[in-house]
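Visitor: from the sequence below, what's the structure:
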Amino acid sequence: MIAGEAAEEVARMPAWAAPVSSRVGRAWEALALSVGYMALYLTLDRFSFIEAQHGIGITPWSPSAGLAMALLIIKGLRWSPVVFAAELLSAATLPEVAIPSAPIVIAALVVTGGYAGAAAVLRCIGFEGRLHRTSDIALLIVVTIASSGLAACGYVTTYAAAGVVPWSGFLDAVVHYWIGDAIGIIVLVPPLLALTRPKECSGPADQNRLWLQLSEIVVQGASIIAALALVFSRVVSDHPFRLFYVLFLPLIWIAVRRGLATTSWAVFGIQVGLIAGLQLQDQSEATLRDFQLLMFALATTGLMLGAVVSERHRLSRALAESESRRRTILNTARDGILTIDDHGQIQSTNPAVERLFAQPGDRLIGLDIDELIDGAPNQLPLMSRIVSSQSADGSAWEVNARRANGQVFPIALSVGRCDLGGAEQYTLVIRDITFRRKTEARARQHQAELAHVSRVSLAGEMAGALAHELSQPLTAIAAYARGCLRLLAGRAPEPATIYEGISEVVQQAERAGDVLGRLREFVRGGAWRRAFVEVGPLIDAAVSLARIEAIQNRSADRSRLAARPGRSHLNRTGPAQPSEKRDRCDCGR
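Guide: Next up is the predicted model:
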């Protein structure tokens, strides 16, 4: 983990803060790339320096322009000085006439500015060097035409001002330079960008398939050579343009079969073959220019077609991968997933639906959804209302479904809607909730049993509490009643004593009623409350509980209370001092 964090810190640090060895390595790498680029640039300029107008770099095609554009697109505009240095060195060594230094420098600046401006425009308008989209090729062609035209005007104007190009031939020189640069960029940039694209991973290689592909590529290359030989064959026609259309046939074949990457190399091969054939036949400058115009049309057509095919292949692979992932998800889902059309007929199912309804998928396709959902004859309007009003929070409602054998089982149903070409389609997610229903029923049964046990336990506790609380008042009532009966049976009943005994009977009966009331309030869950009470009545009540037993045991009881303090004394805060006596009780039997 620490090593990973350190690697991230190194990746985030600026170039000047990198270790010295790393900076030196990158410097040597940049130097090697710069030297290699300039060497290749000069080599391409030397081989393409044919039929040069006015002895300067106005040639039928300029592959070095494509090399410069590719470098700026791949590596960025910071490599513009290297492009300028290569253009300056080429302009100083290749011309066949003596040219002053100022026009050479200005022309090099103009050409480099044209390439850098084109690369900057492509970057700003969303061009991607991977050439994954047809729009990338279209943008490259449009920007190439505009930038090479501007560069041609600036380049020729510079040399015309220096007297190298006559003003009378200004327009012809601009057109010639424009076509050469545009052809060089269109022909060379796509294959160079294709080299930088990451290789798309495919399945394990099949030797037979590889041999077939290699054989097809060889045949396609041979067809290009045969088409070029036919174009330049004087046996078939003396006019070199009459059979030029034959070159479209192998190029279209390659584009349709192999896509953009191979097509770009085919275009490059056709361009090299055309230049070589024209040089071998020693064609005129006008013929070269006309051939290059046809070559530009051929290249743009082939590249656009190859881009369309590559994009279609890429989208097809993405669609196949998406379909494979979708099928895997549906096949592994535990919930049933099916789709229905706007008439309620089932269009597709997953294996979970087949297991839920105990029917194979081919028998479910085409059925009406009402045949699967029980108790609701028209489900489609309900689904439409639910989706429209929704509650589109993914909530489900519970209904009953029916299997092929007539068995009814509960399900949770979720629905979603999508529009396909103006036709509504619904996706239903079905979950069997039989187990959940049984679990909920068992939980309710357990709760009922627990409540019953709680009530029985509470009744037992209440019975024990009642027996404990009522035993003493009832014993006192019986004792006082017997005493009154004995007094009444005597010879000289004492009314005052009998009155006192009956009063005690009444008091104990009321006390029993109070016990029942308090116990009922406790069971009912009454609220607890705090309040100041006189301690004397509480002590008297406690003493009265033991008085009957004391009488029966012929014991005496007495209680004595100290002087009652005031309320203000009771409300005082802080710990009580030893001298401050609260209510005291001195009881004995």
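
Visitor: what mean pLDDT does the lengthiest helix in the chain have?
Guide: Looking across the chain with DSSP state H, the single longest helix is helix 434-489. On average, the pLDDT along helix 434-489 is 80.

Visitor: immediately after it, which helix or strand?
Guide: Towards the C-terminus, the helix or strand next in line after helix 434-489, according to DSSP states H and E, is helix 495-524.

Visitor: what angle do that next one and helix 434-489 make?
Guide: Following axes from the mean of the first three to the mean of the last three C-alpha atoms, to 10 degrees, one obtains 180 degrees for the angle between helix 495-524 and helix 434-489.

Visitor: so what does helix 495-524 touch, helix or strand wise?
Guide: With contacts defined as 3 or more C-beta pairs under 8 Å, 6 or more residues apart in numbering; DSSP states H and E, helix 495-524 has these neighbours: helix 434-489. For the C-beta atoms, the positions are set from N, CA and C on the backbone; glycine is no exception.

Visitor: the helix it packs on - contacts with which helices or strands?
Guide: strand 408-420, helix 495-524, helix 535-552.

Visitor: distance to Arg209 and mean pLDDT added to the ones you listed, as a markdown table?
Guide: Formatted as a markdown table, the helices and strands packed on helix 434-489 follow (distance: least, C-beta to C-beta, whole Å; pLDDT from 0 to 100):
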| stretch | distance to Arg209 | mean pLDDT |
| --- | --- | --- |
| strand 408-420 | 36 | 81 |
| helix 495-524 | 86 | 76 |
| helix 535-552 | 103 | 70 |
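
Visitor: dump those to TSV, plus distance to Gln220 and mean neighbour count.
Guide: Written out in TSV, the entries for the helices and strands packed on helix 434-489 read as follows (distance: least, C-beta to C-beta, whole Å; neighbours: other C-beta atoms under 10 Å):
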stretch	distance to Gln220	mean neighbour count
strand 408-420	40	15
helix 495-524	97	14
helix 535-552	113	14
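
Visitor: out of those, flag the one nearest Val246.
Guide: strand 408-420 (45.0 Å; C-beta to C-beta).

Visitor: tell me what angle the closest one forms with helix 434-489.
Guide: Computed with the same axes, to 10 degrees, the direction of strand 408-420 lies at 130 degrees from that of helix 434-489.

Visitor: paired strands for strand 408-420, with orientation please.
Guide: Counting by DSSP bridges, the strands paired with strand 408-420 are strand 397-402 (antiparallel), strand 423-432 (antiparallel).

Visitor: out of the ones you listed, which gets nearest to Ala68?
Guide: Taking C-beta to C-beta as the measure, the strands paired with strand 408-420 were each checked against Ala68, and strand 423-432 came out nearest at 53.1 Å.

Visitor: next, the buried residues of the closest one.
Guide: Glu424, Gln425, Tyr426, Leu428, Val429, Ile430, Arg431, Asp432 (16 or more other C-beta atoms under 10 Å).

Visitor: okay, who's weakest in these by pLDDT?
Guide: For the buried residues of strand 423-432, the model is least confident at Glu424; its pLDDT is 77.

Visitor: and the residue nearest to it when sequence neighbours are not counted, how many neighbours does it have?
Guide: Once flanking residues are discounted, Glu424 sits nearest to Asp342: 4.2 Å by C-beta to C-beta, 6 or more residues apart in numbering. Applying the criterion other C-beta atoms under 10 Å, we find 15 residues in the vicinity of Asp342.

Visitor: again with Met304
Guide: 17.

Visitor: so it is in which element?
Guide: Mapping Met304 onto the secondary structure by DSSP H and E places it in helix 285-332.

Visitor: kindly export the following helix or strand past that helix (C-alpha atoms) in CSV.
Guide: For helix 285-332, the following helix or strand on the C-terminal side (DSSP H and E) is strand 336-341. What follows is strand 336-341 as a C-alpha-only set of coordinates in CSV (Å, rounded to 0.1, in the frame of the first residue of the first chain):
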residue,chain,number,x,y,z
GLY,A,336,-38.4,-13.7,-12.8
ILE,A,337,-38.0,-11.0,-15.5
LEU,A,338,-40.3,-10.8,-18.6
THR,A,339,-41.2,-8.2,-21.1
ILE,A,340,-44.7,-7.6,-22.6
ASP,A,341,-45.8,-5.4,-25.5
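
Visitor: great, nothing more from me.
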